[in-house]
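In: Predicted model, plus sequence, below.
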Amino acid sequence: MSNVGSVLAALGSAQAQIAEPPSSNLLVTILAFLIMLGILVFVHELGHFAVARWMGIRVEEFGFGYPPRMLTLFERNGVKYTLNWLPLGGFVRFGGEDNTLYGTGSLAAAKPWRKIPVMLAGPLMNLLLAIVVFAALFATQGVPTPTGQQQVNVVYEATPAATAGFESGDILISINGQAISEPAQISAIAGENAGKSIPVVVQRGDTELTLDLVPGPWTGPEGQRYDVGIGIGYAQIVLQEETGVLGAIGHSTKYTVDLLGQMVSALAHLPASLGNMFTTDDTAVGEPIGPVGIARATGEVVEQGGMIAFWNLMAILSLNLFLLNLLPIPALDGSHIIFSLIELVRGGKKVPPDKEALVHAMGFAALMGLMLVISVNDIINAFQGRSVLGG
C-alpha cells in the first residue's frame with residue numbers, strides 16, 4: 001500500500017518563506033530530498049503496518065524502498081521484509097492485494113472497526129513525527145520567542161533606504177515618532193508619508209541614530225516596481241529560550257496545533273494559489289509547489305540553515321501529509337476511511353469493490369495529473385531562475 005502519491009500531494013501544499021534563498025548544490029538537493037521523502041513515507045507506512053498486525057489483518061510484505069525488489073531480507077510470521085531499488089521510504093502489501101481483493105484476514109474483508117484504525121495509523125504517525133521533531137529542536141535549540149523588534153537584513157540599492165543611510169543589522173526603534181513592534185507598521189507608516197521627510201530612529205550596535213527618510217517609489221532586485229516604500233528587507237528578532245524535555249514537548253504540541261490551524265486556513269485559498277501558476281507576475285505568491293519545487297526548496301534550506309532547517313522543513317511536510325491524508329480525496333487514506341464509515345452506517349454492507357476501486361483509480365489519476373501540472377510550473381520557474389520559497 002504505497003503512499004508516494006499522498007506524499008506528493010502533501011509536498012504540493014507545503015509553503016515556506018525565506019528572504020534570499022541561495023543557489024543549491026544539485027547533489028545536496030537530491031540527497032536531502034530523497035532522505036526526507038524516505039523518512040516521511042517510511043514512518044507513514046510503519047503506522048499502517050503496526051496497527052494492521054495488531055488488528056489481525058494479514059500483511060504479506062513490508063518493503064524498505066519502493067519496487068522493483070532488490071532482495072528479500074528475511075521472512076517472519078508470514079511477512080516478507082524486502083529491500084527495493086527506489087529509495088522512496090517504504091510500502092505495505094496487505095494480504096490479497098496481488099490476486100483477489102478479498103481473502104481470509106485481508107484488509108478489504110476486515111470489519112470497518114478494524115480497517116479504520118489501520119487507515120488512521122499512517123497519518124497519525126506523521127503527526128507524531130512532527131511533534132517529536134519539533135520537541136527535539138526546542139529541547140536542543142531552545143524555544144523561539146519573538147521580541148517584536150524588527151531588524152534590517154538587507155538594504156536594496158537606489159532606494160529611499162539607501163539614500164537615508166540604512167545599513168544591514170540596524171534595529172528599527174521608531175518611524176516618524178511611532179514605536180515599531182509589528183512589521184505591518186513599517187509599510188503603513190511609509191504609505192502615509194509618501195514624499196515626506198520623516199525621522200527614523202535605529203539602533204546600530206550600541207548607538208541610536210536618527211535617519212532622514214523620504215518614502216517613495218523603488219524597484220526590487222527582480223524588477224518588481226513599488227509605488228511607495230522604503231526599500232529594505234527586515235525580520236523580527238527572535239530569541240531562543242532554553243527549556244527542559246517536558247517544556248519542549250508542551251511547546252511542540254502547541255506549535256503543532258497552531259501550524260495545523262494555519263494549514264487548514266491555507267486549504268481554503270488553494271484554488272486562488274493554483275491560479276497563480278504560470279503567471280508572469282514576479283510578485284505573485286502562494287502558488288503550490290510539487291516534487292521538483294520541494295526538492296529545490298530542500299536543497300536551499302539545507303544550504304542556508306543546515307540540518308536544523310532540514311528537520312524543521314521535514315516536520316512541516318509531515319504535518320501536511322497528516323492533514324491531506326485525512327481529506328476525503330480518492331486514493332488517499334481519508335477516502336478509504338469514508339468508504340469504511342459508509343459500510344458501518346449501512347450495517348456492514350460494503351460498497352461494491354469494483355465501484356470503490358474505480359473511484360480510487362480516478363482519484364489517483366486526477367492527483368497525478370495535478371502533480372504533473374504543478375511540476376511543469378516548477379520546472380519553468382527553475383529555468384527562469386525564480387525563487388522557490390518566495391522573497
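Out: Now that the structure is in, tell me what you want to look at.
In: Give me the below-cutoff pLDDT ranges for the protein.
Out: 1-24, 96-106, 269-295, 304, 360, 367, 370-371, 374-375, 377-378, 381-391 (pLDDT under 70).
In: Repeat the analysis, applying 80 as the threshold.
Out: 1-29, 87-89, 95-109, 221-223, 266-306, 330-331, 348, 351-357, 359-361, 363-391 (pLDDT under 80).
In: Packing partners of the helix or strand hosting Thr140?
Out: Element membership for Thr140 (DSSP states H and E) is helix 112-141. Under the contact definition 3 or more CB pairs under 8 Å, 6 or more residues apart in numbering; DSSP states H and E, helix 112-141 sits against helix 26-54, helix 245-267, helix 291-325, helix 333-345. Just so you know, the C-beta spots here come from the backbone N, C-alpha and C atoms, and that holds for glycine as well.
In: show me where the stretch 151-300 of the chain has strands.
Out: Listed in chain order, the strands of the stretch 151-300 of the chain (DSSP state E, counting those that start in this stretch) span 171-175, 178-179, 198-204, 207-213, 216-219, 225-229, 232-241.
In: Looking at the helices and strands packed on helix 112-141, which one is packed in the most?
Out: helix 291-325 (a mean of 22; mean count of other CB atoms under 10 Å).
In: Between helix 112-141 and that one, find me the angle.
Out: 120 degrees (axes from the mean of the first three to the mean of the last three CA atoms, to 10 degrees).
In: how big is the angle separating helix 291-325 from helix 26-54?
Out: 20 degrees.
In: just how off-centre is helix 291-325 within its chain?
Out: The chain centre lies 6 Å from the centre of helix 291-325; the measure is CA atoms, centre = their mean, to the nearest Å.
In: Would you mind pulling up the elements that that helix packs against?
Out: helix 4-13, helix 26-54, helix 112-141, helix 245-267, helix 353-384.
In: What is whatever helix or strand comes next after the second one packed up against?
Out: Using DSSP H and E, the helix or strand that directly follows helix 26-54 along the chain is strand 59-76. For strand 59-76, the helices and strands in contact under the criterion 3+ CB pairs under 8 Å, 6+ apart are helix 26-54, strand 79-94.
In: Any chance of these in CSV with distance to Pro160 as columns?
Out: Formatted as CSV, those follow (distance: least, CB to CB, whole Å):
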stretch, distance to Pro160
helix 26-54, 37
strand 79-94, 50
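In: out of the ones you listed, nearest to Ala297?
Out: helix 26-54 (8.9 Å; CB to CB).
In: Check which helices and strands the closest one sits against.
Out: helix 4-13, strand 59-76, strand 79-94, helix 112-141, helix 291-325.
In: Any chance of a markdown table for those, columns distance to Val373?
Out: Below are those laid out as a markdown table (distance: least, CB to CB, whole Å):
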| stretch | distance to Val373 |
| --- | --- |
| helix 4-13 | 10 |
| strand 59-76 | 23 |
| strand 79-94 | 21 |
| helix 112-141 | 25 |
| helix 291-325 | 12 |
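In: closest to Met36 out of the ones you listed?
Out: The nearest among the helices and strands packed on helix 26-54, by CB to CB, is helix 291-325 at 5.0 Å.
In: and the angle from that closest one to helix 245-267?
Out: 100 degrees.
In: hmm, back to that, and of the helices and strands packed on strand 59-76, who's closest to Ser187?
Out: helix 26-54 (33.7 Å).
In: Now do the closest one: distance to the chain's middle.
Out: 15 Å.
In: cool, and stretch 195-209?
Out: That offset, for stretch 195-209, works out to 37 Å (CA atoms, centre = their mean).
In: Using CSV, list the CA coordinates for that stretch.
Out: In CSV, the C-alpha atoms belonging to stretch 195-209 read as follows (Å, rounded to 0.1, in the frame of the first residue of the first chain):
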residue,chain,number,x,y,z
GLY,A,195,7.3,62.1,-0.5
LYS,A,196,7.7,63.5,3.0
SER,A,197,10.9,63.6,5.1
ILE,A,198,10.3,61.7,8.3
PRO,A,199,12.7,60.7,11.1
VAL,A,200,13.6,57.0,11.6
VAL,A,201,15.4,56.0,14.9
VAL,A,202,17.6,52.9,14.6
GLN,A,203,19.9,51.1,16.9
ARG,A,204,23.3,50.4,15.3
GLY,A,205,25.4,48.5,17.6
ASP,A,206,25.4,50.3,20.9
THR,A,207,24.3,53.6,19.4
GLU,A,208,21.0,55.1,18.5
LEU,A,209,20.9,57.1,15.3
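In: which residues touch it?
Out: The contact list for stretch 195-209 (CB atoms under 8 Å, 6 or more residues apart in numbering) reads 152, 164, 166-167, 169-177, 189, 210-216.
In: Of the residues you listed, select the buried ones using a ChimeraX command.
Out: The ChimeraX command for the buried members of these (criterion: 16 or more other CB atoms under 10 Å) is given here:
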select :152,164,166,170,171,172,173,174,175,176,189,211,213,215,216
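In: hmm, back to that, would you turn the helices and strands packed on helix 112-141 into a markdown table with distance to Phe62?
Out: Below are the helices and strands packed on helix 112-141 laid out as a markdown table (distance: least, CB to CB, whole Å):
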| stretch | distance to Phe62 |
| --- | --- |
| helix 26-54 | 5 |
| helix 245-267 | 27 |
| helix 291-325 | 19 |
| helix 333-345 | 17 |
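In: Which one of those helices lies nearest to Ile230?
Out: Nearest of the helices and strands packed on helix 112-141 (CB to CB): helix 291-325, 24.3 Å.
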